[in-house]
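Asker: A structural model of the following input is requested.
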Amino acid sequence: MPIPVNILIVDDRIDNIVALEALLSRSDIKLFSTTSPNEALKIAWENNIAIALVDVQMPEMDGFEFVEVLKSNPKTRDILVIFVTAISKETKYAVKGLGVGAVDYLYKPLDPYITSAKVDSFIQLARAQAEVKQKNDELQDFALVVKNSADIICVVDAETFRIKSINPAVETILGFKQVELIGKSIVDRVIDEDKAAFRKRLGDIIKDNITLAVLDYQFATFAKNPISAECRVSYRNKTLFFNINDVTPQKSYESQLIKSKEAAEIGKKAKESFLANMSHELRTPINGIIGLTALLRKTEVNDQQSSMLDLLEVSSQSLLGVINDVLDISKIDAGKFSIIRSPHNLKDLIQSVYRLLKFKADEEHIEFFMHVDPEIPEYLMIDSLRMNQILMNLLSNAIKFTKRGHVKLTVSLLKKESDKVRLQFAVEDTGIGIPKHRLADIFESFEQADDETTNKFGGTGLGLAIVKKLVELKGGDLTVDSRIGKGSIFTFTNRYTIAAKPKDLLAKKPEHLLKPFNNITVLVAEDNLVNQFMLAKILADWKVKVDMVNNGLKAIDKLKENDYDIILMDTHMPELNGYQAARKIRIDFDEPKRSIPIISLSAASFDHEQQEALLSGMNDVLSKPFLPGQLHEKMEKLLNERAAKAQA
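Answerer: I've put the predicted structure just below:
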């Protein structure tokens, strides 16, 4: 329903007003009436009157004078005035009325049909004028927005691409004055390399009648410096409407982000490459030390020499622990660290950690207690390696920083529901304690409680950082409560799924029970002399015939000349590495040599390197340092599989 049109009736006689109101009354108009010209002026000022029906003959102020006052005021001068009069219809009166601003006359006695028809036509005229005024106001608002817009806004002829109008922003963005561009082609504003593509794109917009398109091109400024511009183009009625935004800062920022991302990726790859090489270069000699220590124990040694071997083994394991800590932190930060859960006896796992650390606590004359809630189910889904790592770090730290008193590990059942349990692990000590202001810092990599702690107790400051990250990766929470001189309590909680007892709990064979291989020839590709010696000695003890080479090329040549049952291949070697050598064997050789089992003897610790070994065609991976029994197990498995295939 349209908004009612306001109509004012001014007549000094009430009966005339009543008659007009009865005649004009309808839903789409609102009537105001008065017998006083002065009050009528007030009503007109306050109520946005569109039409006024004014009696000519009134005592205070006649109609002509009243209309003159209306027309003299900007707020009321557009009111459509119709004189209502009983005086003569002579031309001079009509001319006088029209002269003061009236638009028509109604003569008394009023003809109802003529009166209604005339008022109706003026109502329509008033509505049309109101709409025009509204549109003009909107256009003025739009013009103000366009004029003050920070973007270039212009209207372009779609046939010639010439600019018909453009706002002042063009001077700020491109350096041209408005008058300089009127009548010029919009295509000439883009840089020469973009002109053909820009023209074609505009042609496609017109041909396909696209109402809105977004284009990205470079525009040339008055100073010949290109800017990156985002153009929003609308097409209608053979006209193109442009909104051109200078996005040079955003493009520059995006470019910097891309460069930063590329630099970060290069740095990440360099870091991974460095860590992989460091892993190989450090683990390889440690593998030799641990292997030689095991070999020396088989020889005749006196008690003093046995003690030295113990120290050598402890030192090498300590060094290996530091390397593992650094690599674990790097893996976690790179998001390449995985949690692998399988059924394990939690009490056995905790007991093994306790036994390993009990001798250290006894050496320091510290009481070492352990309590596991008997209500905890026997088997749970646990990543035993990471659980071992968490407990070893927390407990060894507690023992390390406790000079007298006790260290206690308590495992409590907090909640049990269907197939899950919630457990709490608490490691309590009576050690030196941690200052409150340092409690948050101790979980940061390479941080300890203070410099004095580092100097006095040593360590990398990675243990607690790794524990926190591991606990969080496993979905748990780690907290600490500590008081200087009184001790600390580290607590972590987590949920575990109850598991059934595994069917194949096979005991590991003691090394002296490892049976020899019969009529087996092995090709070993290893560039480290210590590891060559160690492998040759281990394999000789198993009655294995060995050919030893120090790079992948020599391994290929040896395989061409001889038949082997299995290949032990280091991955990092000069000239041709293990990955490349394995691929050549799988591609270039004929059967049965093409399918010869290959075990990667790698010092690599990253999952992607182990995956690369398998993708290159190797059958299994054994990470350095390893125990002889682990190598024996993998060799036995692959040789049995090959024998079974040969018989099939």
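Asker: And for T491, the neighbour number?
Answerer: For T491, the neighbour count with other CB atoms under 10 Å is 17. Where you see a C-beta, it was placed from the backbone N, CA and C, and this is true even at glycine.
Asker: swap in the one 10 residues further on?
Answerer: Other residues lying near K501 total 9 when counted by other CB under 10 Å.
Asker: same question, A465
Answerer: 21.
Asker: which secondary structure element contains it?
Answerer: Assigned by DSSP states H and E, A465 falls within helix 463-473.
Asker: and L559, how far is that from N551?
Answerer: In this view, L559 and N551 are 13 Å apart by CB to CB, to the nearest Å.
Asker: Please apply the same query to A398.
Answerer: Taking CB to CB, one finds A398 at 47 Å from N551.
Asker: Compare these two (neighbour count), which wins?
Answerer: Neighbour tally, A398 and N551, criterion other CB under 10 Å: the higher count belongs to A398, 26 against 18.
Asker: And the more buried one, which helix or strand is it part of?
Answerer: helix 384-400.
Asker: Just the mean pLDDT for that helix, thanks.
Answerer: Per-region confidence: helix 384-400 scores 82 on mean pLDDT.
Asker: neighbouring contacts of it?
Answerer: Under the criterion CB atoms under 8 Å, 6 or more residues apart in numbering, residues 328, 339-340, 342, 344, 346, 349-350, 352-353, 356-357, 360-361, 364, 366, 368, 407, 409, 425, 427-429, 431, 457, 459, 463-464, 466-467, 470-471, 473-474, 488, 490, 492 lie in contact with helix 384-400.
Asker: in it, what counts as buried?
Answerer: 384, 386-400 (16 or more other CB atoms under 10 Å).
Asker: same question, stretch 117-129
Answerer: K118, V119, F122, I123, A126.
Asker: likewise stretch 100-113?
Answerer: For stretch 100-113, by 16+ other CB under 10 Å, it's V100, G101, A102, Y105, L106, L110.
Asker: And for stretch 192-206?
Answerer: Of the residues in stretch 192-206, those buried (16+ other CB under 10 Å) are D194, K195, F198, R201, L202, I205, I206.
Asker: As a check, name the ranges of all helices in the stretch 401-550 of the chain.
Answerer: Per DSSP state H, counting those that start in this stretch, the stretch 401-550 of the chain carries helices over the ranges 451-457, 463-473, 529-541.
Asker: Ok, which of those helices comes nearest L181?
Answerer: helix 463-473 (61.1 Å; CB to CB).
Asker: tell me how far that closest one is from the chain's mean position?
Answerer: How far helix 463-473 lies from its chain's middle: 23 Å, per CA atoms, centre = their mean, to the nearest Å.
Asker: Does anything pack onto that helix? Which helices or strands?
Answerer: Applying 3 or more CB pairs under 8 Å, 6 or more residues apart in numbering; DSSP states H and E, we find helix 463-473 packed against helix 303-333, helix 384-400, strand 477-483, strand 487-497.
Asker: Worst mean pLDDT among these?
Answerer: Among these, helix 303-333 scores lowest, with a mean of 65.
Asker: ok, then the element right after that helix?
Answerer: As assigned by DSSP H and E, the chain's next helix or strand after helix 303-333 is strand 342-345.
Asker: on that earlier part again, quick one, the helix holding A398 and strand 487-497 angle?
Answerer: Angle, helix 384-400 to strand 487-497, by axes from the mean of the first three to the mean of the last three CA atoms, to 10 degrees: 170 degrees.
Asker: who does V480 bridge with?
Answerer: In this entry, V480 is beta-bridged to F490, by DSSP bridges.
Asker: got the contact list for it?
Answerer: Listed by CB under 8 Å, 6+ apart, the contact set of V480 reads I434, L439, I442, S488, I489, F490, T491.
Asker: same deal with F242?
Answerer: By CB under 8 Å, 6+ apart, the contact set of F242 is I152, I153, C154, V155, V156, I186, C231, R232, V233.
Asker: ok, so what distance separates it from D373?
Answerer: Distance from F242 to D373, by CB to CB: 75 Å.
Asker: just G405 next, same as before
Answerer: 24 Å.
Asker: can I assume F122 sits in a strand?
Answerer: No - using DSSP: H, G, I helix; E, B strand; the rest coil, the secondary structure at F122 is helix, not a strand.
Asker: Low-confidence stretches in the stretch 1-150 of the chain?
Answerer: Along the stretch 1-150 of the chain, the parts satisfying pLDDT under 70 run over 1-2, 87-94, 141-143, 145.
Asker: can you give me the helices for it?
Answerer: Secondary structure of the stretch 1-150 of the chain by DSSP H, counting those that start in this stretch: the helices cover 14-24, 37-46, 63-72, 91-100, 112-148.
Asker: Figure out which of the ones you listed is closest to S623.
Answerer: Here helix 112-148 is closest among these (CB to CB), at 68.7 Å.
Asker: sorry, back to before: now, which of the buried residues of stretch 117-129 sits nearest L539?
Answerer: For the buried residues of stretch 117-129, the residue nearest L539 by CB to CB is A126; the value is 109.6 Å.
Asker: The closest one contacts V5, correct?
Answerer: Yes - shown here, A126 and V5 form a contact pair, counting by CB atoms under 8 Å, at 5.4 Å.
Asker: Could you tell me which residues touch both of these two?
Answerer: Here A126 and V5 have A50, I51 as joint contacts, going by CB under 8 Å, 6+ apart.
Asker: Which pLDDT value belongs to Y354?
Answerer: 86.
Asker: now, which of the buried residues of stretch 100-113 sits nearest L529?
Answerer: Of all the buried residues of stretch 100-113, L529 sits closest to G101, with 116.4 Å by CB to CB.
Asker: Enumerate every residue touching that closest one.
Answerer: Contacts of G101 (CB under 8 Å, 6+ apart): V67, E68, L70, K71, R77, V81.
Asker: how about the closest residue to V81 other than its chain neighbours, phi and psi?
Answerer: Nearest non-adjacent residue to V81, counting by CB to CB, 6 or more residues apart in numbering: A102, 4.5 Å away. Backbone torsions for A102, taken as degrees, to the nearest 10, come to phi -70, psi 160.
Asker: That'll do, ta.
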